[in-house]
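Got a predicted model here, sequence first, then my questions.
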Amino acid sequence: MNKKILVCVTGGIAVYKAVALVSKLAQAGAEVKVMMTESAMEFVTPLSFQVMSRNDVYVDTFDEKDSRVIAHIDLADWADLVVVAPATANVIGKLANGIADNMVTTTLLATTAEVWIAPAMNVHMYENKSVIRNINRLHEDGYRFIEPAEGFLACGYVGKGRLEEPEKIVELIKDRFSQPVNLPLTGKKVVVTAGPTRERIDPVRYISNFSSGKMGYSLAAAAAALGAETILVSGPVELPKPEGVQLIKVESAAEMLEAVLSNFDDADVVIKSAAVADYRPKEQHSQKMKKQEGDSFIALERTTDILKTLGERKRNQILVGFAAETNDAIEYGKKKLSNKNLDYIIVNDVTDPDGGFGNDTNVVTLLSRKVPGTYPFEAMQKKELAKVLLQTILKLESDVDNDS
Ligand code: PMT
């Protein structure tokens with residue numbers, strides 16, 4: 001790996017693993033330089049990193065080792081990739097808020113290289129709302145995270161918060177710099193919808209559903225990993241933007257319709273996993289509705305069926321719908337496949353305890369129109385299922401091409 005990697009080490013017990021990371025990066029052929037915060041030095045001395053990287057270690061913004069350059073700018077420009085490992089809640093918070101008060105944070109703001117962040121902290125800190133908010137903000141700003149692993153933590157807790165193993169981080173970096181392979185969706189545009197829609201009643205109330213967006217976000221991530229230009233049109237959810245995906249946030253069915261239509265003409269594949277509201281309040285009150293004596297009723301009107309609209313307009317696009325059913329799932333799925341003029345439909349019985357709304361797993365059956373048949377899949381993680389579904393659809397498409 002003929003690349004220049006700057007490892008920024010911040011203060012947590014996982015600093016000892018950063019020594020192994022630097023060693024393994026150097027063994028893999030990378031040129032590695034290390035920068036440490038004051039608190040990182042409480043755990044391991046700079047000498048360990050100096051020995052492993054065979055380079056000077058940088059700690060103090062004002063300790064200029066070479067008078068011809070300004071060290072933190074020079075290092076920021078030098079790096080092909082910056083890895084913050086371990087990244088404490090503190091450095092994540094500073095970066096999310098543009099704070100530059102030491103050499104690490106100053107360099108992070110100054111670099112135009114990709115920055116990867118490998119958090120390590122106590123499980124409750126990792127789940128803290130402000131930490132989640134900061135991580136989400138950094139995701140939106142284009143930073144890549146290497147998620148911490150689950151297991152025994154130095155603080156005595158068991159949970160998510162362990163710095164990912166150095167070998168795994170090195171593998172991810174190697175993959176990042178490996179020659180691009182010809183991926184099956186390279187040059188294709190894939191539009192995925194995800195999450196619920198919210199249909200406002202008044203400024204403080206809305207009609208919605210329990211979709212978490214996990215299925216749709218997994219599909220978008222899988223499409224991007226297969227090389228597609230991926231547009232993710234998402235209703236309100238609490239998930240970070242998948243890497244390599246263009247995210248369009250919407251609220252209502254009407255906004256989702258507009259965003260999808262404006263990306264439809266040049267799309268190759270559209271996957272509609274969003275749980276779009278079928279009805280919205282006929283009237284949206286501009287002021288909060290007041291309580292009254294007795295019962296109250298809200299008149300509802302139909303939203304536009306986005307998928308059906310796409311089915312009517314479609315030319316060469318491959319159109320993939322979802323069907324969320326609670327009974328006779330396959331029968332209803334078949335009807336939707338035909339009524340909405342789809343190429344594929346992914347049917348899930350949302351009463352299945354291993355599937356449906358909010359779960360990390362799903363149990364689905366794929367129905368195809370071009371190659372009539374049912375393709376059931378066992379319960380699996382939505383992230384895994386998304387990959388398998390795309391691979392199956394690509395395989396069925398290539399079978400159709402070969403037969404014609
Ligand atoms: O988000 P998760 O928590 O991970 O949960 C995933 C999921 C259960 C939401 C997902 O797997 C799923 O089933 N999505 C489709 C939900 C749904 O709205 O199903 P439906 O049978 O009501 O609609 C059929 C299809 O028409 C869907 O592709 C839907 O996006 C589309 N539709 C529906 C109504 C509407 N007005 N416009 C639409 O495009």
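Yes, it's here.

Flag the shaky bits of the stretch 151-300 of the chain, pLDDT-wise.
For the stretch 151-300 of the chain, the stretches flagged by pLDDT under 70 are 179-181.

how much space between L185 and E397?
Distance of L185 to E397, computed by Cβ to Cβ, to the nearest Å: 11 Å. Placement of C-beta: from N, CA and C, glycine included.

So which residues of the stretch 301-404 of the chain form strands?
In the stretch 301-404 of the chain, the strands defined using DSSP state E, counting those that start in this stretch lie at 318-325, 344-349, 361-362, 364-368, 373-376, 380-381.

is any part of the fourth one close to the ligand?
So that's strand 364-368. No - Strand 364-368 stays out of contact with the ligand when judged by Cβ under 6 Å from any ligand atom, the minimum separation being 7.1 Å.

Now find how far off-centre that strand is within its chain.
With Cα atoms, centre = their mean, to the nearest Å as the basis, strand 364-368 stands 25 Å off its chain's centre.

Same question for the longest one.
For strand 318-325, the distance from its own C-alpha centre to the chain's C-alpha centre is 21 Å (Cα atoms, centre = their mean).

who are the neighbours in contact with L389?
219, 222, 346, 364, 366, 377 (Cβ atoms under 8 Å, 6 or more residues apart in numbering).

quick one, what contacts the last one?
Listed by Cβ under 8 Å, 6+ apart, the contact partners of F377 are 363-366, 385, 388-389.

which parts of this structure sit against the ligand?
Residues of the chain lying close to the ligand (Cβ under 6 Å from any ligand atom) are 211-216, 253, 272-276, 278, 303, 305-307, 321-324, 336, 348, 350, 356-358, 362, 382.

Are any of those residues buried, and if so which?
Taking 16 or more other Cβ atoms under 10 Å as the criterion, what is buried in the residues of the chain next to the ligand is 211-216, 253, 272-276, 303, 305-307, 321-324, 336, 348, 350, 356-357, 362, 382.

for the stretch 1-150 of the chain, what spans make up the strands?
Ranges of strands within the stretch 1-150 of the chain are 4-9, 31-36, 57-58, 81-87, 114-119, 144-145, 149-152, based on DSSP E, counting those that start in this stretch.

Excluding covalently adjacent residues, which one is nearest to V115?
Nearest residue to V115 in three dimensions, chain neighbours excluded: V82, at 4.6 Å (Cβ to Cβ, 6 or more residues apart in numbering).

any idea how far that neighbour lies from the ligand?
Distance, V82 to the ligand, by Cβ to the nearest ligand atom, to the nearest Å: 33 Å.

Kindly state the beta-bridge partners for that residue.
Judged by DSSP bridges, the bridge partners of V82 are L6, V115.

Quick one: neighbours of it, just the number.
25 (other Cβ atoms under 10 Å).

Then L367?
Neighbour count of L367, defined by other Cβ under 10 Å: 25.

V34 and V84, how far apart?
Counting by Cβ to Cβ - V34 and V84 are separated by 11 Å.

what residues are shared contacts of the two?
With contacts taken as Cβ under 8 Å, 6+ apart, V34 and V84 have C8 as neighbours in common.

Go ahead and confirm V245 touches V233.
No - between V245 and V233 no contact is recorded; they are 10.6 Å apart, counting by Cβ atoms under 8 Å.

ok, these two, which is more surrounded?
V233 (28 against 20).

If you count neighbours, what's buried in stretch 354-370?
For stretch 354-370, burial by neighbour count (16+ other Cβ under 10 Å) applies to 355-357, 359, 361-368.

got the contact list for V9?
15, 18, 34-37, 40, 44, 49, 85-86, 104.

Please repeat the previous calculation with a cut-off of 7 Å.
15, 18, 34, 36, 40, 85 (Cβ atoms under 7 Å, 6 or more residues apart in numbering).

Ok, H285 next?
So H285 contacts 201-202 (Cβ under 7 Å, 6+ apart).

Tell me the secondary structure at it.
Secondary structure assignment for H285 (DSSP: H, G, I helix; E, B strand; the rest coil): coil.

That one and N209, how far apart?
Relative to N209, and taking Cβ to Cβ, H285 is found at 21 Å.

Looking at the contacts of F377, spot the one nearest M1.
Here the nearest of these to M1, counting by Cβ to Cβ, is V388; it sits at 30.6 Å.

helix, strand or coil for the residue nearest in space to the middle of the chain?
Nearest to the geometric centre of the chain sits P242, at 2.3 Å (Cα atoms, centre = their mean). Reduced to three states with three-state DSSP, the structure at P242 is coil.
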